[in-house]
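In: Based on what follows, work out the 3D shape:
(2 chains)
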2 protein chains.
Amino acid sequence: MGGDHGPEVIIPGGAISLVRHPELKFKLFGDEQRITAALGGHPAMADRSEIIHTDITVSMHDKPSQAVRRGKGSSMWRAIETVRDGGADLVVSAGNTGALMAMSKLILRPIADIERPAIAALWPTIHSECIVLDVGANIGASSRQLCDFALMGAAMARALFHIEKPSVGLLNVGVEEIKGADEVKQAHAWLKDTDDLPIDYRGFIEGDQIGQGLVDVVVVEGFAGNIALKTAEGTARQIGQYLKDAMNRSWMSKLGAVLAHGGFKVLKNKMDPRRVNGGTFLGLNGIAVKSHGGTDALGFASAVDLGYDMSQSGLIGRLRTDIDALHGRIGSQLAS
Amino acid sequence: MGGDHGPEVIIPGGAISLVRHPELKFKLFGDEQRITAALGGHPAMADRSEIIHTDITVSMHDKPSQAVRRGKGSSMWRAIETVRDGGADLVVSAGNTGALMAMSKLILRPIADIERPAIAALWPTIHSECIVLDVGANIGASSRQLCDFALMGAAMARALFHIEKPSVGLLNVGVEEIKGADEVKQAHAWLKDTDDLPIDYRGFIEGDQIGQGLVDVVVVEGFAGNIALKTAEGTARQIGQYLKDAMNRSWMSKLGAVLAHGGFKVLKNKMDPRRVNGGTFLGLNGIAVKSHGGTDALGFASAVDLGYDMSQSGLIGRLRTDIDALHGRIGSQLAS
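Out: Purely as a prediction, here's the structure:
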């Protein structure tokens, strides 16, 4: 029921993903009538779907605390419960981010002694994509939490990019000796010493290097991470606007733009936010993917694909082992 | 002597600025022989310049603390001292950022009871430009410091954009009820109540709205601010690369790109980082502008122009009054 459009986007989105992954099965939570109507145009999807009716929905405007208090039995709540109870491998929602995060944390619980789950985003680079986390689950992060993010991001990179030892960078500012950021420095010291863990730690990176694809995983606390993500989106839109204005300046530019149509199409595709739609809540005992609320069917299908790839990878079990090893290491360093 | 090129870029840069502002006079600090040689090709600049010889220079690799300890008598140090002593209206350097910041703070001292000077950057928007601060002078900021940044940025906006009450936004993340960021919330509460001050406070804005030109001044603490700035630069470069690749894909795209040459030139000009070169240290009893170390003469000229506009505006005296009023207000609110 989530997102700006509800079943009218969710169902066609699932149908696109089903073509790519015919083994998919869906449990659709929400208003049976609307869901049935939307399934009408997608018989293959209808064949693979079970509808679980509920009248209660979480609105896009509910605060997370309200949603948790009042949302029991809602489509979102029941979908997450189904993952916890083994009735589904993952949950995908285009609904209220804060509510999905709060409910997922409450129902699925964090893995082992991870204190803070994080939201991970796929970020397009000049080579392919990287994973950036945290992009807004929390503000601030301790050194240990930053180290956890490194392992959580690496687990996701392993699942999506099929790299055994993903490269990891810690986002920092370039000025030396700047005051503060002690958490980042301590995390750096701990991460340097992780040869036994399945990550290839590369040290500090700066904001302009994310899009260069220097590393597979970029670790940052959620305030700066969210601002970085939004700023990159805004800059891309801004340049798109410049480009459009520039091509409309003269008849020669317009003619050129027509001839270069194929090139512009490639560019547009590269910059299409639907290709990398889906933030993932990492660090929970279950996979929860958040699709952009305003996306279309193609974008929603990307979010389903993302969850599918992650569920196929055995990521959670492996992450549990890695986190235990890391925390043992940090604990013994703190004790010595 | 600063930057990647020294006098060979600084002198031609100053010469470009002199054409725009014939009333400029220069004091050039550094190696007399190199400076004289570089002035050879710029007789108009030579006429308006005085050379102050010094053998000591601050290297790009010196740590700020080293530079402050060992840099007494260096070209950078003496240039800043000259501003303090009234021998110049402003200092422009392409040298070591951390060293310039540390020395400026030590020699010029912060205005009134401003605890932390900030680095302000000009940020291109779809309309024109806005000012973002802090982009890396410090990590973290208290509520009061964020309020100071608002007034400091507004003073700069008044000088550069000639707006009496510049609009100000506080950079934040969009998720409601997220934990942390108490400093940002408290600063918001204080800034809402500033009708008597020369700013038009517009509340929170998100990272994707900076480039939309929603406000004249964007306030953020230095860690997230630096990451946002670098991320925007990186994204612009990344999209430039996509565009180049896309236009080289087929002969038709290539032909189109040739015909659209004029449009692409406009785009390139819009995205030219040299147009908005120069970070300014705000909050000191004197104007210190930092040019990018790697820039060329045109970029350095932008930094000189920026300092010139600021020095013409009587910004520091006015800022002193505004800060006093703000701190009085905050003090009485805290007391009540």
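
In: Where do the strands of the stretch 1-150 of chain A begin and end?
Out: A:26-30, A:49-53, A:90-93, A:118-124, A:129-133 (DSSP state E, counting those that start in this stretch).

In: Quick one, which of these gets closest to chain B.
Out: strand A:118-124 (7.9 Å; Cβ to the nearest Cβ). In short, each C-beta sits where N, CA and C put it, glycine included.

In: Strand partners (parallel or antiparallel) of the closest one?
Out: As defined by DSSP bridges, the strand partners of strand A:118-124 come to strand A:129-133 (antiparallel), strand A:279-282 (antiparallel).

In: Tell me the gap between the last one and the middle of its chain.
Out: When you say that, I think you mean strand A:279-282. How far strand A:279-282 lies from its chain's middle: 4 Å, per Cα atoms, centre = their mean, to the nearest Å.

In: got it, and the first one?
Out: On the basis of Cα atoms, centre = their mean, strand A:129-133 is displaced by 9 Å from the centre of the chain it belongs to.

In: which stretches of the stretch 1-150 of chain A form helices?
Out: Counting by DSSP state H, counting those that start in this stretch, the stretch 1-150 of chain A has helices at residues A:7-20, A:32-39, A:43-47, A:64-70, A:75-84, A:97-108, A:143-161.

In: need those helices in a markdown table with mean pLDDT, can you?
Out: Converted to a markdown table, the helices of the stretch 1-150 of chain A look like this (pLDDT from 0 to 100):
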| stretch | mean pLDDT |
| --- | --- |
| helix A:7-20 | 96 |
| helix A:32-39 | 96 |
| helix A:43-47 | 96 |
| helix A:64-70 | 88 |
| helix A:75-84 | 96 |
| helix A:97-108 | 92 |
| helix A:143-161 | 94 |
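
In: Redo those as JSON lines? Include mean neighbour count.
Out: JSON lines is the format used below for the helices of the stretch 1-150 of chain A (neighbours: other Cβ atoms under 10 Å in any protein chain shown):
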{"stretch": "helix A:7-20", "mean neighbour count": "21"}
{"stretch": "helix A:32-39", "mean neighbour count": "17"}
{"stretch": "helix A:43-47", "mean neighbour count": "14"}
{"stretch": "helix A:64-70", "mean neighbour count": "17"}
{"stretch": "helix A:75-84", "mean neighbour count": "23"}
{"stretch": "helix A:97-108", "mean neighbour count": "23"}
{"stretch": "helix A:143-161", "mean neighbour count": "25"}
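
In: mind giving me CSV with those and columns for distance to residue B:48?
Out: Below are the helices of the stretch 1-150 of chain A laid out as CSV (distance: least, Cβ to Cβ, whole Å):
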stretch, distance to residue B:48
helix A:7-20, 65
helix A:32-39, 74
helix A:43-47, 75
helix A:64-70, 62
helix A:75-84, 69
helix A:97-108, 58
helix A:143-161, 52
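
In: quick one: which of those helices is nearest residue A:256?
Out: Closest to residue A:256 of those, according to Cβ to Cβ: helix A:7-20, at 34.1 Å.

In: quick check: angle from the closest one to strand A:49-53?
Out: 150 degrees (axes from the mean of the first three to the mean of the last three Cα atoms, to 10 degrees).

In: Can you give the contact residues for helix A:7-20?
Out: A:1-3, A:24, A:26, A:28, A:30-31, A:34-35, A:37-39, A:41-42, A:44-45, A:48-49, A:94, A:291, A:295-301, A:303-305, A:308 (Cβ atoms under 8 Å, 6 or more residues apart in numbering or on different chains).

In: buried sites along the helix or strand of chain A with the lowest mean pLDDT?
Out: Ranked by mean pLDDT, DSSP states H and E, the helix or strand of chain A with the weakest confidence is helix A:261-270, at a mean of 79. Using 16 or more other Cβ atoms under 10 Å in any protein chain shown as the test for burial, helix A:261-270 gives A:263, A:264, A:266, A:267, A:270.

In: and the angle from it to strand A:118-124?
Out: Using the same axes, to 10 degrees: helix A:261-270 against strand A:118-124 is 170 degrees.

In: For helix A:261-270, which helices and strands make contact with it?
Out: helix B:222-247, helix B:251-259 (3 or more Cβ pairs under 8 Å, 6 or more residues apart in numbering or on different chains; DSSP states H and E).

In: how far off helix B:222-247 does the last one point, in degrees?
Out: For the pair helix B:251-259 and helix B:222-247, the angle between their directions (the same axes, to 10 degrees) equals 120 degrees.

In: Just give me how far helix B:251-259 sits from the chain centre.
Out: 38 Å.

In: Quick one: mean pLDDT over it.
Out: For helix B:251-259, the per-residue pLDDT values average out at 82.

In: Identify each buried residue in that helix, please.
Out: For helix B:251-259, by 16+ other Cβ under 10 Å, it's B:253, B:256, B:257, B:259.

In: show me what contacts the nearest residue to the first one once chain neighbours are set aside?
Out: The shortest distance from residue B:253 to any residue other than its chain neighbours is 3.5 Å, reached at residue A:263 (Cβ to Cβ, 6 or more residues apart in numbering or on different chains). Applying Cβ under 8 Å, 6+ apart, we find residue A:263 in contact with B:246, B:247, B:248, B:249, B:250, B:253, B:256, B:257.

In: Switch these over to a markdown table; also include distance to residue A:216.
Out: Shown next, in a markdown table, are these (distance: Cβ to Cβ, whole Å):
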| residue | distance to residue A:216 |
| --- | --- |
| B:246 | 25 |
| B:247 | 29 |
| B:248 | 27 |
| B:249 | 27 |
| B:250 | 31 |
| B:253 | 31 |
| B:256 | 35 |
| B:257 | 33 |
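
In: In the stretch 201-336 of chain A, where is pLDDT below threshold?
Out: Applying pLDDT under 70 to the stretch 201-336 of chain A picks out residues A:336.

In: ok and the residue in the stretch 1-150 of chain A nearest chain B?
Out: residue A:139 (3.1 Å).

In: isn't that residue right up against residue A:220?
Out: No - contact criterion Cβ atoms under 8 Å: residue A:139 and residue A:220 do not qualify, at 11.6 Å.

In: With residue A:110 as the reference, name the closest of the strands of the stretch 1-150 of chain A.
Out: strand A:118-124 (10.4 Å).
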